[in-house]
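Participant: Give the three-dimensional model of this entry:
(chains A, B and C)
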Amino acid sequence: MIPLSWYLVFSAALFAIGLFGVLARKNAVAILIGIELMLNSVNINLVAFWRYIAPDGISGQAFAVIVFAVAAAEVAVGLALIISIYRRRGTIAAEEIDMLKF
Amino acid sequence: MEIVSNYLLTFILFSPVVVALILMLLPRDQENLIRWVAFILSFIPLGLSIALWLGFNSEQPGFQYQEQAIWYAPINSSYHLGVDGISLTMVLLTTLLTPLAILASFGISDRVKAYMVLFLMLETGMLGVFLSLDLLLFFVFWEIGLVPMYFLINQWGSEKGERELWGGRKMSARNYASFKFMIYTMAGSLGLLLAIQMIGVVAGTFDLLKLYEVWPSLSQPLFGLPISTVKAIAFWAFVIAFAIKVPVWPFHTWLPDAHTEAPTAGSMILAGVLLKLGAYGFLRLVLPLYPEQSKMYAGALGFLAVMAIIFGALASYGQSDFKRLVAYSSVNHMGFVVLGIAAAAFATGTEDANIALNGAVLQMFNHGLSAAGMFFLVGVIYERTHTRNLNDFGGLFPLVPVYGGILIFTSMASLGLPGLNGFISEFLVVRGAWPIMSVYTALAMIGLFFTGAYILKGIKMVLHGPINEKWVGHISEISAREIVVIAPLLVLMLWIGIWPAWILNVINRAVMMFF
Amino acid sequence: MSTELLIWLLPLPPLLAFFFVILFTNRSKALSHTLAVGAALLSWLGSMIVFIRAIQQPHFGEHPFEMSIPWFPTGETAFQIGILIDPLSAVTLFFVAWTVLMIFIYSVGYNNFGQPKGDHDLPGLPPHGATLTDEHGHSHKVPSIEPMYARFFAFIGLFAFGMYTLVISNNLLTLFVGWEIMGLCSYLLIGFWYAKPSARAAMIKAFITTRVGDVFMLIGIAYLYSQTGTLSYREIFYNEEVLHTLATTSSGLLGLSAAAMIGILLFIGTIGKSAQWPLHVWLPDAMEGPTPVSAMIHAAAMVSAGVYMVIRAYPLLSAGYEHGHLTQPMMLMAFIGAFTALFSATIAVAQNDIKRVLAYSTISQLGYMIAALGIGGFVAAAFHLITHAFFKALLFLGSGSVIHGMEHGVLHTGEHIDPQDMYNMGGLRKKMPVTFWTFLIGGLALSGFPLVTAGFWSKDEILADAWGHGHIAVFIVLALAALLTAFYTMRQITLTFLGKPRTEAAKHAQETKWTMTLPLVILAVFAVSAGWVGIPKEFPLIGGSIPNWFHDFVGGTLLEHPEAVTFSYIPLLTSLVVALGGLYLGWVVYRKVSAGAKDPLQAPLGSVYTLLKNKYYFDELYDKVFVQPAYWLSETFAYLFIDRKIIDGILHWVAYVSSIIGTFLRNYIDKPIINGSGDFVGEGTKRLGRGMRFIQSGKVQQYMIVALVSLAAFSVLFYYLLSTTP
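Facilitator: You can find the predicted model right below:
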């Protein structure tokens, strides 16, 4: 049986890739994709810990499902925001969207 | 009706405020409506206090119609009201003069609503001082009365004139007057507040009735000061606060300024009632709480009273401004009140003291009538001529015969002509003070003499002399409204002059039981 | 109606008339004078009833009409006021009622009732006359009606009220009420023509001068009240015990007893009211008023009130009086009275105004009464008070009639002369016979023409008292004054009525109407007959044929009936000589004064005449010594110096110092330290923010990096901390 640590390493790698995407990519959609990756790495962790540490309950699965739902909602809102920004400013480059400072 | 008679004093005290609130709801541009509502509703306190007068039993000792409610429990201060014969006469005077003053100010057309509201607030402030039996409450109302008066002088006072301060700095006269009035009185009440706090801390209560009982026997020190020192400090704080308000010479110079600059109705109330607050303070607080100190310093107080009588009369005689002449006459007349109080303080409990106090209290009431009347009459002539300078008048009698007659009548009441009110009280003061302070009383006669001089000067400069062509056709006879204002005062002056027993009975019983 | 109730009601009609006229009927002249005269008539009727009942009462002095009610409370007791008619007030009431009624009736004519309105008459000025055009087209000037006709009657109504109140009251306080009300009325009436500057000055002078006396009197009343606990006459003056206590208590001043002190204080009131030296200056000026007022003031009411009061207070003034030893107040009275009598008689000699002569003669005669009282002549003083009231009222009304006649002449001829100057008159006896004969009777009574006139008997009694009690100095002074009195009276009669007219106006003078002459005739009757009730028993020939009713009756007012002085020929002869001699001299000196001539005495007397003419310069002296300093004291000293400069100066100084301290605090504490530190905080925060601004780029990814780096840093920190803590 594959040991837990493998899942954890995989999950960490996925998280790092996602984080890199979030920090490094200019395209907002790509950043969104990076966030999805990070969320899913968490899901892997949850499921893995459930399976190896507490297989009797269903809390791990339940959390994972909630994260799916949140991720889906987040994508929907995020994409909508991006489209809206694109319409207003004609760009989706993260560099140029600095309205937070106002 | 049960509730009204049970809480009569509260109703009297706060009905002006209620009227003021009603006025606030009225539209601002309906000036006539505001005037009439203020005038008519100001009869409510008058009606209630007449009911109070009729229901009052002068034979019964102590305070009547008492009401007590929790107000400021942690420091033992309560909402405690009550009247005796002394405060009763003052309440009657206040509620009588307010409607008349409101009627007298129908000529005001600038911000009528604010004016009337302030006026009614003023009435509550004054009534509160007379009615409260709790030192803290007393102080609160004492200060409440100050604020509306400040605005009345400052905003509705005469527009002309300025006063030089120092080094060529000038200030408009009404600002100067209102400022002086406010600051001076505040300076006095500062000490008052201090004294009240000390009493409260030492005695553990602010309730006057309890204080009358426990105060003489108190012995514990305060902040290491022996009780006698505490009492002396509190005594002087009281005396100075009240002396400023009366005003006793040499604290009097705010008065001519404030009176002169105030609007007519403001002067009426100022002279009619506000000055009485000081004398009332002497009677209600200083004499009963500090009999020993009062006795010790009665001579000094008597001296200041005589100075007020003499110098008030002299300064009045030296005026060329009609209103200032009348204003100084208040110093002169209030001097007799203080002389009576000083004499009584020196010989508490004797018949002479009793007579002197009767005279002093009656003089307070009488001065309220005659001074209010005089200021009103000055206002009447000022409204028509827009000058107060006596040299501009002269020979007005043929033009305004009715006004002239009323002026002579009121002046004579002010002069103390026998048959009118002023004589009775002045005679009682002189009679009471003579065996106690003969020299001062004799000196006061100089003032009484000059009273005649300045009153006659006023009449001479306004009415008599060759007809003044300048005003022919420019001056109209006193109007019906104005006669309605002055008529009750005239009737009362005559009534008290001829048959003073109705009011003196109440005062006499109160004075005998209280002191 | 019970007598007491009637007495209460006596003063009321004139008072009601006053109020009615002032409030309601002041537009109707006829109604106003009807009310006033009607009221005077009612009071007169009541007074006569009271008087008759009084003289019918046996032992009236011991059982007078008295009644009192509480007026106001004074502690446990109440102050009582009430009415008292005893012999003294009964006779006073008698002359007051008569003279007042006569003056009221006379006023109707004097104020030209029934005449047309004046052409240019203004309220506040005497009427100037009206132009009438008869059917032939001739226009001529006639007297015009007084413009303030109704007001005049209202005022004299109030005046009468004051006098009646004074007479009927049983205590000093209500006496003082009446006293002061009369003071007010004299003020209002002397200044009745207030538009004349002279009248305006005179009215104030009268009130103020009498007020000097009044304030002393008020002190006296207060003193008496505090000593005895009452002000009732009967309880003080008719009570040996009280008087004795007062006479033996020391007042603590100048060694005077309380009685003496009170007496002097009260007497100062009289000095003011009855115009005794040195407060005599107001009375001649009081001639500015209409003539009925002069009569009212000088005869019927005001000045008589002063004398009435001291006569009333005589038991107090003489408390401790033993034969030959006058009390201090009595000495003062004897001195002031005698001095005034002579002093003002000398002034009267040099006056030309017909009313002013009478004014000074009034002062002189009042001095007589005061002096009489000072030497213990209680009855004599009262007697002279009454006879004087009648003949002086007669003389004043007569002089008013003369002036009226002269004014008629002045209007007729259009001359510009003073109708009151005696040098413009002359020969009026034919033009105005009634006035002449009545004036002559009055004048003779004033001079003390022997046997027939009232003045002779009363004056003789005073002189007899002075002689009999051994006060020779007083006797001589009074005799001299009597000589001068006869002299100036004859001077007046001669200049006015005898000889030939000296002006056109005097030629055209006319007798006045019946409303003016009728009172003259009635008063003339009294001026003669009032003396017959007091003829001394031992008088040669006629003594004893008529009982000395007056002495017995009025003497009953006192606790101890005063002894009539023993008869002596010296005072009798003296009064005969001075009266007849004075009259003769007056006639001799003045009978031949022609038009435009100077006073015959001017040349021989020289500068003394100027001194007399100018009344010893008392007005000027008082102006310098009292009036001007009073102005200075009040305006410059009390107001500008004490109040404005010192007191306000101190206040302003306090304000100035506060303002300096405030400015200092603001500039050196508030602004740099308090505001400075506050500002520093604000400014520092602002700078910090500006410095850190670059961090906030608004770029999400940079924020993220910052967050990540901080997370890492904190993680390291925590790890380090956790690992180092055991």
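Participant: Tell me how many other residues surround B:L48.
Facilitator: Neighbour count of B:L48, defined by other C-beta atoms under 10 Å in any protein chain shown: 20. (Each C-beta comes from the backbone N, C-alpha and C, glycine too.)
Participant: In contact with it, which residues?
Facilitator: B:4, B:8, B:11-12, B:15, B:95 (C-beta atoms under 8 Å, 6 or more residues apart in numbering or on different chains).
Participant: By neighbour count, which of those wins?
Facilitator: That'd be B:I12 among those, by other C-beta under 10 Å, with 29 neighbours.
Participant: so where does B:Y65 fall, helix or strand?
Facilitator: Assigned by DSSP states H and E, B:Y65 falls within strand B:64-72.
Participant: Show me what counts as buried in that strand.
Facilitator: For strand B:64-72, burial by neighbour count (16 or more other C-beta atoms under 10 Å in any protein chain shown) applies to B:64-65, B:67, B:71.
Participant: for stretch B:491-498, same thing?
Facilitator: For stretch B:491-498, by 16+ other C-beta under 10 Å, it's B:492-494, B:496-497.
Participant: Now render the contacts of B:L48 as CSV, adding secondary structure, distance to chain C and pLDDT.
Facilitator: Formatted as CSV, these follow (DSSP: H, G, I helix; E, B strand; the rest coil; distance: C-beta to the nearest C-beta, whole Å; pLDDT from 0 to 100):
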residue, secondary structure, distance to chain C, pLDDT
B:V4, helix, 31, 79
B:L8, helix, 26, 89
B:F11, helix, 30, 90
B:I12, helix, 26, 90
B:S15, helix, 32, 91
B:T95, helix, 24, 92
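Participant: Could you list which of these also contact chain A?
Facilitator: Contacts with chain A are made by none of the contacts of B:L48, judged by C-beta under 8 Å from any C-beta of the partner chain.
Participant: wait, what's in contact with residue 60?
Facilitator: No chain was given, so I picked chain A. A:46-47, A:49-51, A:54.
Participant: let's do chain C instead
Facilitator: The contact partners of C:F60, taken as C-beta under 8 Å, 6+ apart, are C:54, C:86-87, C:90, C:553, C:556.
Participant: out of these, who's nearest chain B?
Facilitator: When the contacts of C:F60 are compared for distance to chain B (C-beta to the nearest C-beta), C:D86 comes out closest, at 22.7 Å.
Participant: contacting residues around the residue lying closest to the closest one once chain neighbours are set aside?
Facilitator: Nearest in space to C:D86, with sequence neighbours left out and distances taken as C-beta to C-beta, 6 or more residues apart in numbering or on different chains, is C:P64 at 3.7 Å. Applying C-beta under 8 Å, 6+ apart, one finds that C:P64 lies in contact with C:54, C:84-87, C:234.
Participant: The residues you listed in helices, which ones?
Facilitator: Applying DSSP state H to the contacts of C:P64, the entries found in helices are C:54, C:87, C:234.
Participant: I'd like those residues laid out as a markdown table, including neighbour count and pLDDT.
Facilitator: As requested, these are exported to a markdown table (neighbours: other C-beta atoms under 10 Å in any protein chain shown; pLDDT from 0 to 100):
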| residue | neighbour count | pLDDT |
| --- | --- | --- |
| C:A54 | 22 | 88 |
| C:P87 | 22 | 88 |
| C:R234 | 16 | 86 |
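Participant: Looking at the residues you listed, spot the one nearest chain A.
Facilitator: Using C-beta to the nearest C-beta, the ones in helices among the contacts of C:P64 come closest to chain A at C:R234, 106.2 Å.
Participant: Run through the residues that contact the closest one.
Facilitator: Counting by C-beta under 8 Å, 6+ apart, C:R234 has contacts C:64, C:66, C:84, C:170.
Participant: From B:L209, how far out is it?
Facilitator: C:R234 sits 46 Å away from B:L209, going by C-beta to C-beta, to the nearest Å.
Participant: Please identify the residues of chain A in proximity to chain B?
Facilitator: Counting by C-beta under 8 Å from any C-beta, no residue of chain A is near chain B.
Participant: which stretches of chain A aren't confidently modelled?
Facilitator: Within chain A, the ranges that satisfy pLDDT under 70 run A:101-102.
Participant: Contact residues of it facing chain C?
Facilitator: Within chain A, the positions adjacent to chain C are A:19, A:22-24, A:31, A:94-95, A:97-102 by C-beta under 8 Å from any C-beta.
Participant: Can you add secondary structure and neighbour count and give those residues back as a markdown table?
Facilitator: As requested, these are exported to a markdown table (DSSP: H, G, I helix; E, B strand; the rest coil; neighbours: other C-beta atoms under 10 Å in any protein chain shown):
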| residue | secondary structure | neighbour count |
| --- | --- | --- |
| A:L19 | helix | 17 |
| A:V22 | helix | 22 |
| A:L23 | helix | 16 |
| A:A24 | helix | 12 |
| A:I31 | helix | 23 |
| A:A94 | helix | 21 |
| A:E95 | helix | 12 |
| A:I97 | coil | 19 |
| A:D98 | coil | 14 |
| A:M99 | helix | 11 |
| A:L100 | helix | 11 |
| A:K101 | helix | 10 |
| A:F102 | coil | 6 |
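Participant: next one: phi and psi at the closest residue to C:S274 other than its chain neighbours?
Facilitator: Nearest residue to C:S274, sequence neighbours excluded (C-beta to C-beta, 6+ apart): C:G306, at 3.2 Å. Phi and psi for C:G306, reported as degrees, to the nearest 10, are phi -60, psi -50.
Participant: do you know how far the residue nearest to C:D86 is from C:S47?
Facilitator: 15 Å.
Participant: Next: A:I92.
Facilitator: Relative to C:S47, A:I92 is positioned 124 Å away (C-beta to C-beta).
Participant: now A:I85
Facilitator: 118 Å.
Participant: Looking at the two, which has the bigger crowd around it?
Facilitator: Comparing A:I85 with C:S47 by other C-beta under 10 Å, the one with more neighbours is C:S47, at 27 against 16.
Participant: Let me know the secondary structure of the more buried one.
Facilitator: With DSSP: H, G, I helix; E, B strand; the rest coil as the basis, the three-state label of C:S47 is helix.
Participant: center of chain C, which residue is that?
Facilitator: C:G183 (4.1 Å; C-alpha atoms, centre = their mean).
Participant: is whatever helix or strand it lives in up against chain B anywhere?
Facilitator: Using DSSP H and E, C:G183 sits within helix C:172-190. Yes - judged by C-beta under 8 Å from any C-beta, helix C:172-190 comes into contact with chain B through C:173, C:176-181, C:184, C:187-188.
Participant: What residues of whichever helix or strand comes after that helix count as buried?
Facilitator: Remark: after helix C:172-190, the chain's next helix or strand is helix C:197-228, criterion DSSP H and E. Within helix C:197-228, the residues scored as buried using 16+ other C-beta under 10 Å are C:199-228.
Participant: Same check on stretch C:510-526?
Facilitator: Across stretch C:510-526, burial judged by 16+ other C-beta under 10 Å covers C:511-513, C:515-517, C:519-520, C:522-524, C:526.
Participant: Kindly report the same for stretch C:276-283.
Facilitator: Neighbour-count burial for stretch C:276-283, counted by 16+ other C-beta under 10 Å, picks out C:276-277, C:279-283.
Participant: quick one: least confident of the residues you listed?
Facilitator: In terms of pLDDT, the lowest of the buried residues of stretch C:276-283 is C:W277, showing 82.
Participant: re earlier: give me the subset of the buried residues of helix C:197-228 that also touch chain B.
Facilitator: Among the buried residues of helix C:197-228, chain B is touched by C:200, C:203-204, C:207-208, C:211-212, C:215-216, C:218-219, C:221-223, C:225-226 when using C-beta under 8 Å from any C-beta.
Participant: After the helix or strand containing C:G367, heading C-terminal, what element do we hit next?
Facilitator: Per DSSP H and E, C:G367 falls inside helix C:354-374. On the C-terminal side of helix C:354-374, the nearest following helix or strand under DSSP H and E is helix C:378-413.
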